[in-house]
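Chemist: give me coordinates for this.
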Amino acid sequence: MTPAERQQQIDHCVFREAHDAFFVLHPTELRVVEANPAAQRLTGFRRKQLLELGLQDLFDGQTDDGLQPLISATHTTSCLLSRDGYLLVASDGRRIPVHVSISRIHTEPDPLALVIARDVSLQKQAEEQQRQWELRIQQAQKLESLGLLAGGIAHDFNNLLTAILGFADLAQRELSPEAPAYDSIRRVIEATRRAADLTGQMLAYSGRGKFQVQRLSLAESVRGMIDLLQISISKQVRLQLECADDTPWVEADVIQLRQVIMNLILNASEAIGDSEGTIAVRTGGQVWPGGLVPDCYPETNLPAGPCAVLEVTDTGCGLIAETRAKIFDPFFTTKRTGRGLGLAAVLGIVRGHNGAIQVASEPARGSTFRVFLPACPPSTGPADSPRVSPPRQGRGTILVVDDEDFVRSLAQRMLERLGFAVLTACDGREGIEIYRLHAEKIAAVLLDLTMPGCDGPETLRELRRLRRDLPVLLSSGFSEREVTERLAGQDFTGFVAKPYSLEELGQAMLKTLVP
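Modeler: Model prediction:
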């Protein structure tokens with residue numbers, strides 16, 4: 001066998017056994033003159049069918065986009081030319097992503113063009129999966145960053161509101177209802193409480209809302225709101241309620257859960273607008289698979305296992321993908337007016353309850369929001385309400401430790417009005433030193449959680465070392481649940497949330513002092 005014959009045999013073997021699809025084309029007529037078995041397997045065409053096809057048939061609509069000039073270029077060069085981004089047409093109409101390589105075959109009387117198509121479907125799938133992972137990570141990082149920002153702003157704002165509400169409350173108590181300034185101060189107090197509600201929504205978005213968790217029935221919570229929901233939406237909208245009797249119970253804050261239900265219903269009503277439409281509200285149970293679930297926010301809060309499901313479906317305008325990606329951003333809105341905190345607060349509340357939200361929506365086809373919350377066994381009976389003794393005149397000395405001067409001053413005035421003597425410290429270190437000097441007369445400590453330097457947890461640990469049974473009332477703009485988690489099992493006696501009024505501080509201090 002001559003070297004030329006051996007090479008021809010090798011070439012023939014490579015042609016037949018190659019995993020990539022080989023198409024031999026006439027360089028000017030651009031029709032297939034030969035194809036290997038891999039080309040038949042990839043496209044689904046038999047060899048006879050392939051020999052009846054041209055370049056336009058194989059790469060429908062793409063031949064003018066660089067492919068035909070590349071083949072023409074094989075007349076003048078022997079180099080291998082390759083390109084990504086082409087779709088090979090299969091016999092069943094599928095478009096298969098391929099990497100194309102083109103070279104010249106030296107034949108007589110004229111050279112031919114060899115088009116090699118490598119199937120890159122798996123590679124494209126892997127790239128798309130990687131892109132989706134990156135988008136999910138970016139979304140999770142964005143939500144986390146915005147949550148930290150919202151929580152930090154709300155915490156600092158609550159310190160300011162504490163002073164505004166507290167001093168206004170004291171001023172109002174010093175005036176008779178007939179005083180000219182009485183009504184103005186009342187309006188200040190009302191506006192401050194509304195501002196406190198706004199910070200509550202921001203804390204809810206950050207997952208740091210004020211939760212008072214109890215076992216409750218999701219289905220009964222929805223049924224109990226039906227009358228309120230009916231009057232809250234447009235009269236053009238019909239409300240359908242389907243609450244399964246076997247809907248699992250959940251551990252949740254009833255007020256926050258009602259806010260989730262109300263916000264989702266109002267959002268659905270606004271999506272329908274002035275047109276006629278339907279909002280379907282359903283509850284039921286489902287086993288959550290765990291891991292990443294498509295179109296869910298946040299990514300990993302909800303562990304695998306049984307969960308309760310709240311589903312709100314509307315026949316409204318639906319959402320495009322770009323809008324759907326932003327609906328949980330604080331202050332994002334598709335309306336000309338409005339502040340857009342509703343869904344942001346919903347996400348925060350759900351995240352704070354270790355749940356998840358799944359969103360499905362398409363333009364002109366409505367939207368479906370599904371809220372998943374971890375299930376728990378039914379409650380055996382109503383929770384006992386804590387018994388609080390009526391307010392009484394305080395006795396003893398209270399040590400107030402807070403780095404904000406106006407909050408410290410307010411707490412001192414309130415406690416003195418309640419009958420206590422007061423010592424103050426501007427940070428944890430000063431508070432510890434003052435306690436050491438006056439330990440015998442200090443009845444309790446009002447301690448701020450967040451302070452520079454020696455913060456609340458560190459101060460609490462040191463005070464506990466000095467006196468194990470010292471009553472300590474913690475104060476924070478964050479929720480009691482987050483404070484409990486942050487202290488990681490440290491023992492504190494009571495908690496009062498900022499902003500607080502004279503009555504709220506008095507009741508909290510009373511419960512702290514009464515064993």
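
Chemist: going forward, measure contacts and count neighbours with C-alpha atoms only.
Modeler: Will do.

Chemist: which non-adjacent residue is nearest Pro177?
Modeler: Spatially, and ignoring its direct neighbours in sequence, Pro177 is nearest to Asp183 (7.7 Å; CA to CA, 6 or more residues apart in numbering).

Chemist: typo on my end, it should be Phe157
Modeler: Closest to Phe157 by CA to CA, 6+ apart is Thr199, at 7.4 Å.

Chemist: what is the mean pLDDT for the host helix or strand of that neighbour?
Modeler: Per DSSP states H and E: Thr199 is located in helix 182-205. Confidence over helix 182-205 (mean pLDDT, whole number) is 77.

Chemist: ditto for stretch 508-515
Modeler: Mean pLDDT, stretch 508-515: 84.

Chemist: now that stretch: buried residues?
Modeler: Under the neighbour-count criterion of 16 or more other CA atoms under 10 Å, stretch 508-515 has 508-513 buried.

Chemist: quick one: the helices in the stretch 201-350 of the chain, in order.
Modeler: Assigned by DSSP state H, counting those that start in this stretch, the helices in the stretch 201-350 of the chain fall at 218-223, 226-232, 254-272, 321-324, 342-352.

Chemist: and of these, who's closest to Ser367?
Modeler: Set against Ser367 and scored by CA to CA, the helices of the stretch 201-350 of the chain come closest in helix 254-272, at 7.8 Å.

Chemist: now stretch 53-60: buried residues?
Modeler: Across stretch 53-60, burial judged by 16+ other CA under 10 Å covers 53-59.

Chemist: that should have said stretch 156-163, apologies.
Modeler: For stretch 156-163, burial by neighbour count (16+ other CA under 10 Å) applies to 157-163.

Chemist: tabulate the residues you listed in CSV, adding columns for distance to Val400, pLDDT and secondary structure.
Modeler: Converted to CSV, those look like this (distance: CA to CA, whole Å; pLDDT from 0 to 100; DSSP: H, G, I helix; E, B strand; the rest coil):
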residue, distance to Val400, pLDDT, secondary structure
Phe157, 20, 78, helix
Asn158, 18, 78, helix
Asn159, 15, 78, helix
Leu160, 17, 83, helix
Leu161, 18, 86, helix
Thr162, 15, 86, helix
Ala163, 15, 84, helix
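
Chemist: since we're on the residue nearest to Phe157, how many residues are nearby?
Modeler: Residues near Thr199, counting by other CA atoms under 10 Å, number 24.

Chemist: what's the answer for Gly477, then?
Modeler: Gly477: 31 surrounding residues under other CA under 10 Å.

Chemist: ok, it - contacts?
Modeler: 154-156, 158-159, 497-499 (CA atoms under 8 Å, 6 or more residues apart in numbering).

Chemist: coming back round to it: which ones among the buried residues of stretch 508-515 lie within helices?
Modeler: 508-513 (DSSP state H).

Chemist: farthest-separated two in those?
Modeler: By the measure CA to CA, Ala508 and Leu513 form the most distant pair in these, at 8.8 Å.

Chemist: how does the protein divide into domains?
Modeler: 18-119, 136-205, 213-376, 397-513 (automatic domain parsing).

Chemist: quick one: mean pLDDT for the longest one?
Modeler: Translated: domain 213-376. pLDDT averaged over domain 213-376 gives 83.

Chemist: the first one too?
Modeler: Averaging pLDDT along domain 18-119 yields 80.

Chemist: swap in stretch 127-134?
Modeler: If you average the pLDDT over stretch 127-134, you get 78.

Chemist: just stretch 474-491 next, same as before
Modeler: According to the model, stretch 474-491 has a mean pLDDT of 75.

Chemist: could you export it as PDB, CA atoms only?
Modeler: Provided in PDB are the C-alpha atoms of stretch 474-491 (Å, rounded to 0.1, in the frame of the first residue of the first chain):
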ATOM      1  CA  LEU A 474     -33.200  45.600  76.800                       C
ATOM      2  CA  SER A 475     -34.300  48.300  74.400                       C
ATOM      3  CA  SER A 476     -33.800  48.200  70.600                       C
ATOM      4  CA  GLY A 477     -35.200  49.400  67.300                       C
ATOM      5  CA  PHE A 478     -35.000  45.700  66.200                       C
ATOM      6  CA  SER A 479     -37.500  43.100  67.100                       C
ATOM      7  CA  GLU A 480     -37.400  41.000  70.300                       C
ATOM      8  CA  ARG A 481     -36.900  37.900  68.300                       C
ATOM      9  CA  GLU A 482     -33.800  39.200  66.600                       C
ATOM     10  CA  VAL A 483     -32.500  40.500  69.900                       C
ATOM     11  CA  THR A 484     -33.000  37.000  71.400                       C
ATOM     12  CA  GLU A 485     -31.200  35.400  68.400                       C
ATOM     13  CA  ARG A 486     -28.300  37.900  68.600                       C
ATOM     14  CA  LEU A 487     -27.800  37.300  72.300                       C
ATOM     15  CA  ALA A 488     -27.500  33.600  71.600                       C
ATOM     16  CA  GLY A 489     -29.000  32.300  74.900                       C
ATOM     17  CA  GLN A 490     -27.900  35.100  77.200                       C
ATOM     18  CA  ASP A 491     -30.400  35.800  79.900                       C
END
